[in-house]
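>>> The following comprises the amino acid sequence and a computationally predicted model.
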Amino acid sequence: MKNKTHILPVIIFSQFACTSLWFAGNAIVGDLAEYHNLKPGLTGLMLSSVQLGFISGTLVFAALMLVDRFSPSKLFLGCAILAASCNALLLLDHLTEFRLLSARFTTGFFLAGIYPVGMKIASDYYEKGLGKALGFLVGALVLGTSFPHAIKGMSLGTDYTSVIIITSCLAICGGFSMYLFVPNGPFRRPSTLLQLKAGITLFKIPTFKKAAFGYFGHMWELYAFWAFLPFAIRTFNSVSNTNVPVSIWVFIIIALGFISCILGGYISLKKGSKKVAVLSLVISGALCFISPLLFQLPSPYFLLLFSFWGMVVVSDSPQFSTMVASSAPAQLKGTALTLVNCIGFSISIVSIQVLSVLVDRMDPTYIFTILGIGPIFGLISILKKSS
């Protein structure tokens with residue numbers, strides 16, 4: 001690929017810029033509730049609305065095979081503009097709970113044309129070394145996810161509207177960057193026919209099924225962990241009588257996943273994607289089950305271990321996506337990634353809502369043990385011998 005050295009950096013920037021919309025609402029949920037006199041406890045609902053929108057979007061995209069039938073870069077741009085516009089709806093006066101959740105739902109719907117489409121674009125350029133490329137790409141998602149918390153944690157975020165304005169403008173820049181600088185890749189194999197039974201076909205492939213089920217276990221843990229990080233730090237402050245700054249540390253813990261995704265990508269070149277995914281699941285699952293003990297530690301050790309957890313909880317994500325893409329037929333890669341994302345994010349809604357229900361019904365230091373179910377399921381699925 002001569003003269004294509006700019007491709008991966010542009011994809012990474014575009015993915016980071018557009019996925020900054022994902023947690024934009026959650027980073028300012030307290031300010032929104034106070035300003036508009038909304039009921040407290042909206043964090044779980046807001047993230048679930050984004051996830052539900054994303055799921056709906058991926059269902060539509062997968063059913064119509066949009067990613068495989070049309071130019072991914074053009075699709076990415078259109079969805080970036082629409083997602084940024086929906087995100088900007090949070091700037092409206094007289095924002096009711098229904099309008100708030102609707103804005104987050106539609107933002108999530110158009111994010112379905114960002115995250116899986118970005119991975120499809122990468123797979124069109126990097127047939128070899130895809131694990132490394134997707135490591136950078138998912139790392140960009142991690143940075144984008146954490147970025148609103150960084151804005152909120154700085155003096156720039158004292159006015160909550162700045163989080164919305166910055167993330168919306170950034171997403172539009174990301175969309176145009178992808179459209180202008182990343183043409184269709186050399187390994188793209190567009191589909192000319194609509195195959196309504198593509199999902200059934202894919203799940204009949206044993207390697208695809210194992211990778212997909214491993215990813216589903218990973219997704220039970222990932223977004224619930226991210227969503228309840230502010231709760232975890234506030235709980236630690238209450239238990240330990242400390243004053244750890246919430247927004248900055250949520251940003252740090254999530255953002256560190258950028259490093260682990262990249263490291264995992266490089267390790268996968270020598271050890272393979274499966275080994276990286278298995279090790280990540282083992283460590284993150286262990287941390288789920290010992291999490292009550294972490295709240296009893298001095299703050300430096302608590303923050304260190306949660307930071308490490310923030311790394312291993314996401315380091316398997318690009319490797320599962322690599323295994324999914326590699327096991328799918330070339331003309332169905334985009335649909336495969338979109339479909340698996342759809343189911344995975346559906347699972348994340350369940351785990352988020354389970355934690356939301358249990359948060360007032362059990363010792364808060366035990367909440368994260370529930371997430372250990374996911375890594376166990378993922379490990380059983382990926383290590384299961386093919387019959």
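Everything's here; your move.

>>> any idea of the mean pLDDT in stretch 48-60?
What stretch 48-60 shows for mean pLDDT is 88.

>>> what's it in contact with?
Where contact means Cβ atoms under 8 Å, 6 or more residues apart in numbering, the residues beyond stretch 48-60 that reach it are 22, 25, 66, 101-102, 104-113, 115-116, 223, 338-339, 341-342, 345-346, 348-349, 352-353. C-beta: built from backbone N, CA, C; applies to glycine.

>>> Now which of those residues would you call buried?
22, 25, 66, 101, 104-113, 115-116, 223, 338-339, 341-342, 345-346, 348-349, 352-353 (16 or more other Cβ atoms under 10 Å).

>>> Those residues in strands, which ones?
Applying DSSP state E to the buried ones among the contacts of stretch 48-60, no entry is found in strands.

>>> Inside helices: which ones of the contacts of stretch 48-60?
25, 66, 101-102, 104-111, 115-116, 223, 338-339, 341-342, 345-346, 348-349, 352-353 (DSSP state H).

>>> ok, so what distance separates the spatially most central residue of the chain from residue 7?
A centroid search over the chain (Cα atoms, centre = their mean) returns residue 141, at 6.1 Å, as the residue closest to the centre. For residue 141, the distance to residue 7 equals 17 Å [Cβ to Cβ, to the nearest Å].

>>> And for residue 206, the neighbour number?
12 (other Cβ atoms under 10 Å).

>>> Which other helices and strands does the helix or strand hosting residue 375 contact?
Using DSSP states H and E, residue 375 falls within helix 373-383. Helices and strands touching helix 373-383, by 3 or more Cβ pairs under 8 Å, 6 or more residues apart in numbering; DSSP states H and E, are helix 206-227, helix 273-294.

>>> ok and it relative to helix 206-227, angle-wise?
Per axes from the mean of the first three to the mean of the last three Cα atoms, to 10 degrees, the angle that helix 373-383 makes with helix 206-227 is 160 degrees.

>>> ok, and for helix 373-383, which residues are buried?
373-379, 381-382.

>>> so which of those comes closest to residue 301?
In terms of Cβ to Cβ, no member of the buried residues of helix 373-383 lies closer to residue 301 than residue 375, at 22.2 Å.

>>> looking at it, the closest one is touching residue 221, isn't it?
Yes: Residue 375 is in contact with residue 221 according to Cβ atoms under 8 Å; the separation is 6.1 Å.

>>> where do the contact lists of these two overlap?
284-285, 288.

>>> Okay, and residue 144 sits in which element?
Here residue 144, judged by DSSP H and E, is contained in helix 130-153.

>>> Just the CA coordinates for that helix, please, in CSV.
Extracted in CSV, the C-alpha atoms of helix 130-153 (Å, rounded to 0.1, in the frame of the first residue of the first chain):
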residue,chain,number,x,y,z
LEU,A,130,-5.9,-6.7,11.2
GLY,A,131,-5.6,-7.4,15.0
LYS,A,132,-3.0,-4.6,15.3
ALA,A,133,-5.1,-2.2,13.2
LEU,A,134,-8.3,-2.9,15.2
GLY,A,135,-6.3,-2.5,18.4
PHE,A,136,-5.6,1.1,17.4
LEU,A,137,-9.2,1.5,16.2
VAL,A,138,-10.9,0.2,19.4
GLY,A,139,-8.3,2.2,21.3
ALA,A,140,-9.7,5.3,19.5
LEU,A,141,-13.2,4.2,20.7
VAL,A,142,-11.9,4.0,24.2
LEU,A,143,-10.4,7.5,24.0
GLY,A,144,-13.6,8.9,22.5
THR,A,145,-15.7,7.3,25.2
SER,A,146,-13.6,8.8,27.9
PHE,A,147,-13.1,12.2,26.3
PRO,A,148,-16.4,13.8,27.6
HIS,A,149,-15.3,13.0,31.1
ALA,A,150,-12.0,14.7,30.5
ILE,A,151,-13.8,17.9,29.3
LYS,A,152,-16.1,17.7,32.3
GLY,A,153,-13.2,17.3,34.7
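
>>> With that, I have no additional questions.
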